[in-house]
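Undergrad: Model the structure of this input:
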Amino acid sequence: MLKIVLKVFIIFAAVFFVALISYFAYILLSYSRIADNLSLETDGSYSKEKISCGTTYTLTSANIGFGAYSQDFSFFMDGGKYSWAYSKEEVEKNVRGSVASLLKFNPDFFLFQEVDFDSTRSRHVDERKIISDEISRSLGSSNTVFAQNYDSAFLFWPPTQPHGSNKSGIMIATRYRAYDSLRRSFPIETGLSKFLDLDRCFMKTHIDVDNGEKLVLYNTHMSAYTTDAETSIRQIEMLNNDMMEEYGKGNYIICGGDLNREVMEGMSKYFGFESNGLNWTKTFPFEKLDAHLKLIPPVNLEHPIPTVRDTKEPWNGKNFVTVIDGFIVSDNVEVVKADVIDNNFMYSDHNPVYMDFILK
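TA: This next block holds a predicted model:
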């Protein structure tokens, strides 16, 4: 009897070992980065050709958290409970809620991050279509550009709710004609952490200005889960160089998105916290930006509103919070106002931000 039990155990252990090795081989062999310098297609329609100097425009930016982050949602990668959104209906509700909160500001330009399509974690909802449809319904047109930054192999973790395979990206939407759009691949880590972080990128598109120049609109989502702090520094340097190349052509530069860095020194202290040491709570290295570029913190220090919450537990008002979403503009852009849209983390683990600006 003992021999039979031992034999069964050995067979089971061998099968498990082969399955484990096969899975790791699958992860390694299936990994590939999305192409750099990738031209992007523009979808939808636009109602206006050009923007004008001296006119005030509004830009919003929202990390929609792949539609999963209701207030009672916690995420397994941050020590929380869940890896999937609760339901397809919950994803649709959260994405629509995020967009509706932006439309109250009647924006001319929208930036979105963590926009999923055909992902296990977001119940295979095409969030691109929801965003485009909601904006078109409200504004009459929606000219959109999408850049993918995540195409993961099937992740069998956690065992009770495997994160699965996921496809996600960043998106620009506007009522103006957007063209000559490009996806640029950020440098990322080469170690095992690359399998956990996104295939980070930024995207840019061009909009004509009535003085013959162009507004170059950037959307970015920088690395969060890194073991090497220099990774995000290299990303910022790359973004800076690209923006300065466009600025050198006489263009206007506006960048927005999830910077995954605190936008001011000691930002978390305004909410009663010390930085928790994670990469995304370190201060943005302002010195890495050219003198012609400026980081715009969307913060009213008299009444500061956070843009991100820690997701190891549901939102209870006591979570670690800070501000890591913001804007970068060139010195030929006048910023009238920048602040946070206080959704109280109703639809995402991020609150959106907005900026009113004028091209000089």
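
Undergrad: tally of neighbours for residue 54?
TA: Taking other C-beta atoms under 10 Å as the neighbour definition, residue 54 ends up with a count of 10. No exception for glycine: its C-beta is placed from N, CA and C like everyone else's.

Undergrad: Is the residue nearest the centre of the chain part of a helix or strand, or is it coil?
TA: Relative to the mean C-alpha position of the chain, the nearest C-alpha, by C-alpha atoms, centre = their mean, is the one of residue 113, at 3.1 Å. Reduced to three states with DSSP: H, G, I helix; E, B strand; the rest coil, the structure at residue 113 is strand.

Undergrad: May I have the predicted confidence score for it?
TA: pLDDT for residue 113: 98.

Undergrad: who's it bridged to?
TA: Going by DSSP bridges, residue 113 is paired in beta bridges with residue 63.

Undergrad: measure it to residue 34 for me?
TA: Separation of residue 113 from residue 34 (C-beta to C-beta, to the nearest Å) stands at 16 Å.

Undergrad: And for residue 2?
TA: Here the distance between residue 2 and residue 34 works out to 54 Å (C-beta to C-beta).

Undergrad: Would you agree residue 206 falls within a strand?
TA: Yes: under three-state DSSP, residue 206 sits within a strand.

Undergrad: next helix or strand past the helix-or-strand element of the chain with minimal mean pLDDT?
TA: The helix or strand of the chain with the poorest confidence is helix 2-30; it has a mean of 63 (mean pLDDT, DSSP states H and E). Later in the chain than helix 2-30, the nearest helix or strand by DSSP states H and E is strand 38-40.

Undergrad: Give the buried residues for the helix or strand following that following strand.
TA: Of the helices and strands lying after strand 38-40 in sequence (DSSP H and E), the nearest is strand 42-45. Buried residues in strand 42-45, counted by 16 or more other C-beta atoms under 10 Å: 42, 43, 44.

Undergrad: Packing partners of strand 42-45?
TA: Taking 3 or more C-beta pairs under 8 Å, 6 or more residues apart in numbering; DSSP states H and E as contact, the helices and strands that strand 42-45 lies on are helix 127-139, strand 142-151.

Undergrad: Distance to residue 269 for those - can I get that in a markdown table?
TA: What follows is these, written out as a markdown table (distance: least, C-beta to C-beta, whole Å):
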| stretch | distance to residue 269 |
| --- | --- |
| helix 127-139 | 34 |
| strand 142-151 | 31 |
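
Undergrad: hey, which of these is tucked in deepest?
TA: Stretch with highest mean neighbour count among the helices and strands packed on strand 42-45: strand 142-151 (a mean of 22; mean count of other C-beta atoms under 10 Å).

Undergrad: Give me the packing partners of that one, helices and strands only.
TA: strand 38-40, strand 42-45, helix 127-139, strand 167-174, strand 179-185, strand 201-209.

Undergrad: The fourth one vs helix 127-139, what angle?
TA: The one in question is strand 167-174. Taking axes from the mean of the first three to the mean of the last three C-alpha atoms, to 10 degrees, one finds strand 167-174 and helix 127-139 inclined to each other by 20 degrees.

Undergrad: and strand 167-174, which residues are buried?
TA: Using 16+ other C-beta under 10 Å as the test for burial, strand 167-174 gives 167, 168, 169, 170, 171, 172, 173, 174.
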